[in-house]
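Engineer: below is the sequence, then the predicted model.
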Amino acid sequence: MEGQMASYVDFLIREDRWTVLKPHLEGNDNGNSHHRVLDTYLRMLSEYRRIMDSRKAALAGWITS
């Protein structure tokens, strides 16, 4: 379905309709929503784990003191 929607939007822009969206699509990988994000998500997960580990360590120190 997504491929069909992208094709439809492309058609509308080529037919000089929805031309206001053309700069937005060109600036965002031509509307491709399937770009690679795994590296970004892995960095986010790493940072989340670092924060959670530091909170656990701080809580453990508080409980034992």
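Structural biologist: Great, that's in hand.
Engineer: and E15, how far from Q4?
Structural biologist: For E15, the distance to Q4 equals 16 Å [CB to CB, to the nearest Å]. (Each C-beta comes from the backbone N, C-alpha and C, glycine too.)
Engineer: have a look at the protein and report its longest helix.
Structural biologist: helix 38-64 (DSSP state H).
Engineer: for R17, helix, strand, or coil?
Structural biologist: Taken by DSSP: H, G, I helix; E, B strand; the rest coil, the conformation at R17 corresponds to coil.
Engineer: follow-up on the earlier one: ok now the longest helix of the chain, how far from the chain's centre?
Structural biologist: 22 Å (CA atoms, centre = their mean, to the nearest Å).
Engineer: again with stretch 19-33
Structural biologist: Using CA atoms, centre = their mean, the offset of stretch 19-33 from its chain centre is 16 Å.
Engineer: could you give the average pLDDT over that stretch?
Structural biologist: Stretch 19-33 shows a mean pLDDT of 77.
Engineer: and what of stretch 40-54?
Structural biologist: Rounded mean pLDDT across stretch 40-54 is 95.
Engineer: near P23, how many residues? Count them for me, please.
Structural biologist: For P23, the neighbour count with other CB atoms under 10 Å is 9.
Engineer: right, and the secondary structure at it would be what?
Structural biologist: Assigned by three-state DSSP, the conformation of P23 is helix.
Engineer: now do it against I51, distance only.
Structural biologist: Counting by CB to CB - P23 and I51 are separated by 38 Å.
Engineer: likewise for D39?
Structural biologist: Taking CB to CB, one finds D39 at 19 Å from I51.
Engineer: with L42 instead?
Structural biologist: The value you get for L42 to I51, if CB to CB is used, is 15 Å.
Engineer: same check, this time on G27
Structural biologist: In this view, G27 and I51 are 32 Å apart by CB to CB.
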